[in-house]
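>>> Quick one, what's the 3D model for this:
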Amino acid sequence: MLRWPIHWLSPGGAAARLTILIYHRVLPRLDPMNPDEPDARAFESQMAWVRDWFNVLPLSEAASRLAQGTLPARALSITFDDGYADNREIAAPILQRLGLSATFFIATSFLGGGCMWNDRVIEALRACEKEAIDLTAVGLGVRRLDDAPRRRQVAIEALRAIKHLEPRQRSHAVESIVSAAGAPAAPPLMMSVDQLPICEMVWPTKKRRKLRTWSERKVSEVRRRRRVTKAPGW
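Numbers count the residues shown, from 1 in each chain. As a prediction, the model looks like this:
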C-alpha cells in the first residue's frame, strides 16, 4: 500500500521528482558526540527499506534522466559527502550486499587519513581530560565538560562560533580550541588514497571503468602533490 503514495509523491517521466539522500558518515556504533550520524545497524535498515520502496540510481544517471524526462517513478539517489573512511569500511559493504549504488563526493585535500576542521574540534573536546575548558579565545568563556551531552553542546557552540570565519582565522580558532583541550592528536578519519579506487565496488558494472580511470589518476596525483583542492562529483 505504501508504494502508491510514494509513486504519487514521486512520479516518473516529465513530471518526475528525484529524491536524494545525503549522508556524511556511517559509524560502527552510536556516538554521543555525533548523534545525527547513523550506526551500521540503522544504516542497513534504512538501505533495506530504500531498496524495497524506491528505484535507486547513481546520481549522474538520475540527473541525466531527470533532464531527459525519462526518470522512473520513485527515483532516488544516495550520496556521501567528504570521503570519510567509514564510507568505505562500513557503508560500502552494506550497499554492495544490498545491490545499491551510491555517489561519493571526496574532499581530496584530506585524503590520506586527514581530519577536517569541524571534526578536529569535536575530537579534541571528546579527548579532553579536563573537567572544564577555557574557550575565551573563541568568545565562549569557560565551559564545563562533565559528560558527553555537555561536551556535545560545547562542540556545537564552538563550531557555530567559528564556522563563518575566514579560513585563516578559522584555522587559528581551531588550533586555539585544540590547544585548550590539551592538544590531543587528530584521529585519521578520512579515506586513505589506497581506499579510493576500491569505492568502485559499490557502483554498477557499467560505471566501474569510468570511476576506476578517475580514481587511479587522482590517487597518482595526490601521491605526487599530496593535495588537490576539489574533486569532481561522481
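>>> Give me the residues contacting the longest strand that the chain contains.
Longest strand in the chain by number of residues, with DSSP state E as the criterion: strand 75-82. Residues from elsewhere that reach strand 75-82 (C-beta atoms under 8 Å, 6 or more residues apart in numbering): 10, 12, 16-24, 47, 50, 54-59, 62, 65-66, 87, 91, 95, 100-107, 110, 116, 190. The way it works is simple: take the backbone N, C-alpha and C, and place the C-beta from them, glycine included.
>>> Which phi and psi values does residue 24 adopt?
The phi and psi values for residue 24, taken as degrees, to the nearest 10, are phi -110, psi -50.
>>> For the residue nearest to it when sequence neighbours are not counted, give its distance to residue 53.
Excluding its sequence neighbours, the residue lying closest to residue 24 (C-beta to C-beta, 6 or more residues apart in numbering) is residue 81, at 5.3 Å. To residue 53, residue 81 is 24 Å away according to C-beta to C-beta, to the nearest Å.
>>> I'd say residue 102 and residue 91 touch.
Yes. Counting by C-beta atoms under 8 Å, residue 102 touches residue 91, with 7.4 Å between them.
>>> Tally up the residues packed near residue 49, please.
11 (other C-beta atoms under 10 Å).
>>> Return the distance of it relative to residue 84.
Using C-beta to C-beta, one gets 23 Å for the distance from residue 49 to residue 84.
>>> same check, this time on residue 175
Taking C-beta to C-beta, one finds residue 175 at 22 Å from residue 84.
>>> Would you mind telling me which of those two has the busier surroundings?
Per other C-beta under 10 Å, whichever of residue 175 and residue 84 has more neighbours is residue 84, with 26 against 15.
>>> how about the nearest residue to the more buried one, chain neighbours excluded?
Leaving out its chain neighbours, the residue that sits closest to residue 84 by C-beta to C-beta, 6+ apart is residue 25, at 4.9 Å.
>>> What degree of burial does the one you found show, as a neighbour count?
Close neighbours of residue 25, defined as other C-beta under 10 Å, add up to 22.
>>> Over to residue 184?
The burial count for residue 184: 15, using other C-beta under 10 Å.
>>> measure the nearest residue to it once chain neighbours are set aside to residue 121 for me?
Closest residue in space to residue 184, ignoring its immediate chain neighbours: residue 127 at 3.7 Å, by C-beta to C-beta, 6+ apart. When C-beta to C-beta is applied, the distance between residue 127 and residue 121 equals 11 Å.
>>> So which of those two has more stuff around it?
Per other C-beta under 10 Å, whichever of residue 127 and residue 121 has more neighbours is residue 121, with 24 against 16.
>>> What are the buried residues along the stretch of helix or strand the more buried one belongs to?
Counting by DSSP states H and E, the element that carries residue 121 is helix 117-127. The neighbour-count check on helix 117-127 (16 or more other C-beta atoms under 10 Å) flags 117-127 as buried.
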